[in-house]
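*Asks:* This is the structure alone, sequence omitted:
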């Protein structure tokens, strides 16, 4: 039972353009959502989070949007930079409970 | 802030031996630590959750006698893979949270285990 899904295994974007990564969830009890960035053979790095009482959170080039009715969240990166090339995981939790991760999306930024 | 370290970063061992992996929160007290494993091209899979001073809670399908977790202090948790076999070869990652809500988990750099 995959409660958090990232349906795009990979995404390729031109440098300077906007990268949009998507994530869907099925558990309506989730109330906290996070995005992590991961390089090969390294642990995930926390990027940005959003609680269910908000629909948008912005931090520099990263913005996370939450659509609770659609059970959908997205991560926008603008402008995209070569260093953004990595695997991005979305994760969700209910309160301070364990995180449930999506499968990840490999983002490649082309020069 | 919120730095988590793991040691060793990689280890090769013979089948049947035990391997201990340490996870430390360097600049904060971790009320809860988590242990994950990741197989190639797959997502992170939670193995267990540990709170300082209490027994770890294992996810379904994870053998508690094989993967021993000790959360001795608010800054240290250890995972011991006992009697390791080649199928235990994987990338093990710990994470830690702090504070009363502790929603955000901060991850260590991971430990790659290869069992020959």
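*Replies:* Everything's here; your move. The structure presented is a predicted model; accordingly, all values stated were derived computationally and were not measured.

*Asks:* For chain A, which residues are neighbours of chain B?
*Replies:* Taking CB under 8 Å from any CB of the partner chain as the criterion, the neighbours of chain B within chain A are A:32, A:34, A:36, A:41-46, A:49, A:51, A:89, A:93, A:95-96, A:98-99, A:101-104. C-betas here are computed from N, CA, C, even on glycine.

*Asks:* What is the burial count for residue B:2?
*Replies:* For residue B:2, the tally of surrounding residues (other CB atoms under 10 Å in any protein chain shown) stands at 16.

*Asks:* Same check on residue A:101?
*Replies:* Applying other CB under 10 Å, we find 25 other residues in the vicinity of residue A:101.

*Asks:* you'd agree it is up against residue A:87?
*Replies:* No: in terms of CB atoms under 8 Å, residue A:101 does not count as a neighbour of residue A:87; the distance is 11.0 Å.

*Asks:* what about the strands in chain A?
*Replies:* A:4-5, A:10-14, A:19-25, A:32-38, A:45-51, A:56-59, A:62-67, A:72-77, A:86-93, A:100-101, A:105-110 (DSSP state E).

*Asks:* repeat for chain B
*Replies:* Using DSSP E, the strands of chain B run over residues B:4-7, B:10-13, B:19-25, B:32-38, B:45-51, B:57-58, B:67-73, B:76-81, B:90-97, B:106-107, B:111-115.

*Asks:* Let's have those in JSON lines, adding mean neighbour count, mean pLDDT and distance to chain A.
*Replies:* Output for the strands of chain B, formatted as JSON lines (neighbours: other CB atoms under 10 Å in any protein chain shown; pLDDT from 0 to 100; distance: least, CB to the nearest CB, whole Å):
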{"stretch": "strand B:4-7", "mean neighbour count": "18", "mean pLDDT": "95", "distance to chain A": "7"}
{"stretch": "strand B:10-13", "mean neighbour count": "14", "mean pLDDT": "95", "distance to chain A": "8"}
{"stretch": "strand B:19-25", "mean neighbour count": "20", "mean pLDDT": "96", "distance to chain A": "10"}
{"stretch": "strand B:32-38", "mean neighbour count": "24", "mean pLDDT": "92", "distance to chain A": "7"}
{"stretch": "strand B:45-51", "mean neighbour count": "20", "mean pLDDT": "90", "distance to chain A": "6"}
{"stretch": "strand B:57-58", "mean neighbour count": "17", "mean pLDDT": "92", "distance to chain A": "9"}
{"stretch": "strand B:67-73", "mean neighbour count": "17", "mean pLDDT": "91", "distance to chain A": "14"}
{"stretch": "strand B:76-81", "mean neighbour count": "21", "mean pLDDT": "95", "distance to chain A": "14"}
{"stretch": "strand B:90-97", "mean neighbour count": "25", "mean pLDDT": "93", "distance to chain A": "5"}
{"stretch": "strand B:106-107", "mean neighbour count": "23", "mean pLDDT": "90", "distance to chain A": "4"}
{"stretch": "strand B:111-115", "mean neighbour count": "19", "mean pLDDT": "95", "distance to chain A": "6"}
